[in-house]
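Asker: Task: produce atomic coordinates for the following.
(chains A, B and C)
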Amino acid sequence: MIDQQRLMLTLELQALYAEYSACIDEGRYADWPAFFTDECVYKVIPRENFDRGLPLATLAFESRGMLEDRVFGITQTLFHAPYYQRHIVGGVRIVDVEGERIRAEANYLVIRTRQNEISEVFNAGRYVDVVVRDEGRLRFRERCCVFDSELIPNSIIYPI
Amino acid sequence: MIDQQRLMLTLELQALYAEYSACIDEGRYADWPAFFTDECVYKVIPRENFDRGLPLATLAFESRGMLEDRVFGITQTLFHAPYYQRHIVGGVRIVDVEGERIRAEANYLVIRTRQNEISEVFNAGRYVDVVVRDEGRLRFRERCCVFDSELIPNSIIYPI
Amino acid sequence: MIDQQRLMLTLELQALYAEYSACIDEGRYADWPAFFTDECVYKVIPRENFDRGLPLATLAFESRGMLEDRVFGITQTLFHAPYYQRHIVGGVRIVDVEGERIRAEANYLVIRTRQNEISEVFNAGRYVDVVVRDEGRLRFRERCCVFDSELIPNSIIYPI
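Answerer: Next up, the predicted model:
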């Protein structure tokens, strides 16, 4: 029998992941950095590099301030054709809980829709996360988006 | 700490959503209207219209009776090439609970398989729902399928 | 009101399904047979055959030993171009509980990524499972992967 507290924690994590997806998919980018602690790691990294311990990432940010800069870039300065994203996140898996740090993972799929194009598989992979309680809510201390996708159709502009 | 009652409600909603998907994906269309209250709204609407508050919807029904008519159309009168649907629904998110009305959302993806064709992304979006307790079970008072997809390969015949 | 014990069981099943997906998607094939009881059924079967009660399956194994043979084949002898899999599993649905046997189902989607190719929809369908408690953990007594996909791009090499 899995203990009940752990099951309830899974539900809390599911809620966090669902809020995160909704925030991004609805284009509320200004709300995105608040999902992270002040000091944090956010990376989008190819599986091949992650598995071999190679540091090269497609995107890597190391503080909430850097995430805010990114949001400014997305909404104000980066030149790009807009597209919709739709995150489908599978079951959340608690890897371990060590004091305050919850290591959790979940598979994800991002469907992209560009104007006048059909919806397509954009990015698939898994979240490798460290989650902590911070100011009474769960936040990401680390979120690595480890993607299988070998070819990325155009650039990754919005958060994964 | 999220309160326990809300977490349990999330689980109930997950069960409802899973039953709904199974009903449609197995082609048990006659059972589909019973997921709704007598007076209800079922809409399939492009995100662009939904976001701007424009009323134009691809499909819009306003009672269980209309859903039953639709089922009759699907199974008896509409001329169409049959296809399989497969719904993959992400984490359910409770937006708010106001008395009897539960507002909930979830991202969805529908994979379509036509005879002798490869499976393909058919429709991606989010459910924007109002759920109530009715005759001892959870039912949809409103289900809006707000889809990102800009181009729909052929028509939407079956329920989303 | 759905009873609380059943909701907790759903969470346990979700955890099992998430572990199973992670095992396969990370390529830890040697760990895969331990998800099954000694006597077990693992099948990958087209929906058309399953729905008509036809026995013909793409893959069919009937013991953990046979699964171990398959793993040996995958990792040592089968000639194939490697690819990544990513499982996205929707909400788990308990169909019934009869003594020790839990019949459960869930929709799944497998995204495949081949070297230097874009990620693609590989296989979509539903798991039709019998789960039991065995040596203190949940294990599959039966797992039928009933797939909608009419055409399979190349062979199914890895577990679904």
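
Asker: is chain C contacted by the helix ranked longest in chain A?
Answerer: Longest helix of chain A, by residue count under DSSP state H: helix A:4-25. Yes: if you take C-beta under 8 Å from any C-beta of the partner chain as the test, helix A:4-25 does meet chain C, through A:4, A:7, A:10-11. In short, each C-beta sits where N, CA and C put it, glycine included.

Asker: count of residues packed around A:I88?
Answerer: Here the number of neighbours of A:I88 (other C-beta atoms under 10 Å in any protein chain shown) works out to 24.

Asker: What residues are bridge-paired with it?
Answerer: Beta-bridge pairing for A:I88 (DSSP bridges): A:L109.

Asker: Contacts only, for A:A34.
Answerer: Listed by C-beta atoms under 8 Å, 6 or more residues apart in numbering or on different chains, the contact set of A:A34 reads A:64, A:139.

Asker: re earlier: name the next helix or strand downstream of the longest helix of chain A, please.
Answerer: As assigned by DSSP states H and E, the chain's next helix or strand after helix A:4-25 is strand A:36-46.

Asker: Name the residues of that next one that are buried.
Answerer: Along strand A:36-46, these residues count as buried under the neighbour rule (16 or more other C-beta atoms under 10 Å in any protein chain shown): A:36-37, A:40-46.

Asker: rewinding a little: of the residues of helix A:4-25 next to chain C, select the buried ones using a ChimeraX command.
Answerer: Selecting just the buried residues from the residues of helix A:4-25 next to chain C in ChimeraX takes one command, with 16+ other C-beta under 10 Å as the test:
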select /A:7,10,11
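
Asker: Chain neighbours aside, what residue packs nearest to whichever residue of chain A sits closest to chain C?
Answerer: Closest residue of chain A to chain C, C-beta to the nearest C-beta: A:G91 (3.5 Å). Leaving aside its sequence neighbours, A:G91 sits nearest to C:A18 (C-beta to C-beta, 6 or more residues apart in numbering or on different chains; 3.5 Å).

Asker: Who are the contact partners of that neighbour?
Answerer: A:90-93, A:106, C:89.

Asker: rerun that using 7 Å as the cut-off
Answerer: A:90-93 (C-beta atoms under 7 Å, 6 or more residues apart in numbering or on different chains).

Asker: In strands, which of those residues appear?
Answerer: If you go by DSSP state E, the contacts of C:A18 have A:R93 in strands.

Asker: just the contacts of C:A18: which has the poorest pLDDT?
Answerer: pLDDT is lowest at A:G91 among these; the value there is 93.

Asker: what sits against it?
Answerer: Contacts of A:G91 by C-beta under 7 Å, 6+ apart are A:106, C:14, C:17-18, C:89.

Asker: Try it again at 10 Å.
Answerer: If you count contacts by C-beta atoms under 10 Å, 6 or more residues apart in numbering or on different chains, A:G91 has them with A:10, A:14, A:17, A:105-107, B:91, C:11, C:13-22, C:87-92, C:106.

Asker: What of A:H80?
Answerer: A:73-74, A:154-155, A:157-158.

Asker: Quick check: buried residues in stretch A:115-127?
Answerer: Neighbour-count burial for stretch A:115-127 [16+ other C-beta under 10 Å]: A:119-127.

Asker: again with stretch A:18-36
Answerer: Applying 16+ other C-beta under 10 Å to stretch A:18-36 flags A:18-25, A:29, A:32-33, A:35-36 as buried.

Asker: Tell me where the model's unsure across chain A.
Answerer: When residues are selected by pLDDT under 70, those of chain A lie in A:1-2, A:153-154.

Asker: ok, back up a step: how far away is the residue nearest to A:G91 from chain B?
Answerer: C:A18 sits 12 Å away from chain B, taking C-beta to the nearest C-beta, to the nearest Å as the criterion.

Asker: How about A:D134?
Answerer: 13 Å.

Asker: Now do the same contact list for that residue.
Answerer: Here A:D134 is in contact with A:36-38, A:40, A:100, A:140-141 (criterion: C-beta under 10 Å, 6+ apart).

Asker: Please apply the same query to A:S21.
Answerer: A:85-89, A:108, A:110, B:90-91, B:93, B:106-107, B:126.

Asker: Tell me the spacing between A:N116 and chain B.
Answerer: 6 Å.

Asker: what sits against that residue?
Answerer: A:N116 neighbours (C-beta under 10 Å, 6+ apart): B:150-151.

Asker: pretty sure it is in a strand, no?
Answerer: No: the assignment for A:N116, made by DSSP: H, G, I helix; E, B strand; the rest coil, is coil rather than a strand.

Asker: if I look at A:Q85, how far off is C:L109?
Answerer: To C:L109, A:Q85 is 17 Å away according to C-beta to C-beta, to the nearest Å.

Asker: These two: which is more packed in?
Answerer: C:L109 (28 against 22).

Asker: how far out from the middle of the chain is stretch A:151-160?
Answerer: Computed by C-alpha atoms, centre = their mean, to the nearest Å, the chain-centroid distance of stretch A:151-160 equals 13 Å.

Asker: residue contacts, A:T75?
Answerer: A:27, A:29-30.

Asker: Restricting to those residues, which residues neighbour chain C?
Answerer: When the contacts of A:T75 are checked against chain C using C-beta under 10 Å from any C-beta of the partner chain, none falls in range.

Asker: Please name the spatially closest residue to A:L56 (chain neighbours excluded).
Answerer: Nearest to A:L56 is A:N49, by C-beta to C-beta, 6+ apart, at 5.2 Å.

Asker: The one you found should be in a strand, yeah?
Answerer: No: per three-state DSSP, A:N49 lies outside any strand segment and is helix.

Asker: wait, it sits on A:V146?
Answerer: Yes: here A:N49 reaches A:V146: they are 8.8 Å apart, a contact under C-beta atoms under 10 Å.

Asker: Which one's more surrounded, those two?
Answerer: More crowded of A:N49 and A:V146, by other C-beta under 10 Å: A:V146, with 20 against 15.

Asker: Tell me which residues touch the more buried one, please.
Answerer: A:43-51, A:57, A:105, A:108, A:125-128.

Asker: try it again with 8 Å
Answerer: A:45-47, A:50, A:125-128.

Asker: now A:C23
Answerer: A:C23 neighbours (C-beta under 8 Å, 6+ apart): A:29, A:31-32, A:35.

Asker: And for A:S149?
Answerer: Contacts of A:S149 by C-beta under 8 Å, 6+ apart are A:46, A:122-125, C:113, C:118-119.

Asker: tell me the SS of it?
Answerer: From three-state DSSP, the assignment for A:S149 is coil.

Asker: Can you tell me how far the closest residue in space to it that isn't next to it in sequence is from A:P82?
Answerer: Nearest non-adjacent residue to A:S149, counting by C-beta to C-beta, 6+ apart: C:S119, 4.5 Å away. C:S119 sits 22 Å away from A:P82, going by C-beta to C-beta.

Asker: Over to A:D38?
Answerer: 30 Å.

Asker: now, which of the contacts of C:A18 sits nearest B:M66?
Answerer: Closest approach to B:M66 among these (C-beta to C-beta): A:G90, at 34.3 Å.

Asker: near chain C, which residues of chain A show up?
Answerer: Checking chain A against chain C by C-beta under 8 Å from any C-beta, the hits are A:2, A:4, A:7, A:10-11, A:47, A:88-94, A:105-109, A:121, A:123-126, A:148-151, A:153.
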